[in-house]
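Q: fold the following for me, if possible:
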Amino acid sequence: MDLLDILKQDYQNFPEDQTYEIYAEDVYFQDPMNRFRGRDRYRQTINFIRTWFKDVQLDMHQIDRRGNTITTRWTLHWTTPLPWKPRISIPGWSELEVNPDGAIASHIDYWDCSRLDVLRQHLFPKKNR
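A: Coordinates of the predicted model:
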């Protein structure tokens, strides 16, 4: 299976059944909240999401590969286990760099909203209509 097909499947299944083997052992990960190195730490981060957030959904809107760079556009949704159960939505994109061995060496996420916007979604949730 091709790397793009694996990523499409992983996004669809997120945070369950992720293919960690496609990442280099010392993969660099960064998003607006975290920055670290290592496949084991990446796995722990995904396990944290799976454990603490409810109804997690990662919608992939686009995936592109140009040389050693893969770019994905997505929206991440989850329900935070607070008494008022806010539904959070973060649109963004990822840039993944593939090393000469074909493994993902770097995974950097960018959000189309600020961390303050995410906090606002928790404190002032939109009513379901």
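Q: of all the residues in stretch 62-74, which ones are buried?
A: Under the neighbour-count criterion of 16 or more other C-beta atoms under 10 Å, stretch 62-74 has 63, 70, 72-74 buried. Any C-beta I mention is one placed from the backbone N, CA and C, and that applies to glycine too.
Q: just those residues now: which is nearest residue 48?
A: The shortest approach to residue 48 among those belongs to residue 74, at 18.5 Å (C-beta to C-beta).
Q: now the closest one. Nearest residue, chain neighbours left out?
A: residue 60 (5.0 Å; C-beta to C-beta, 6 or more residues apart in numbering).
Q: A helix includes that neighbour, no?
A: No - counting by DSSP: H, G, I helix; E, B strand; the rest coil, residue 60 is not found in a helix; it is strand.
Q: inside strands: which ones of the buried residues of stretch 62-74?
A: 63, 70, 72-74 (DSSP state E).
Q: closest one of those to residue 22?
A: residue 70 (10.5 Å).
Q: pull the contacting residues for that closest one.
A: Shown in contact with residue 70 (C-beta atoms under 8 Å, 6 or more residues apart in numbering): 3-4, 7, 63-64, 94-98, 104.
Q: look up the closest residue to residue 77, ignoring the ones flanking it.
A: For residue 77, the spatially nearest residue (C-beta to C-beta, 6+ apart) is residue 57, at 4.5 Å.
Q: what about the one you found, how many residues close to it?
A: Residues near residue 57, counting by other C-beta atoms under 10 Å, number 15.
Q: now do the SS call for it.
A: Residue 57 - assigned by three-state DSSP - is strand.
Q: still on that earlier bit, widest-spaced pair of the buried residues of stretch 62-74?
A: 70 and 74 (12.3 Å).
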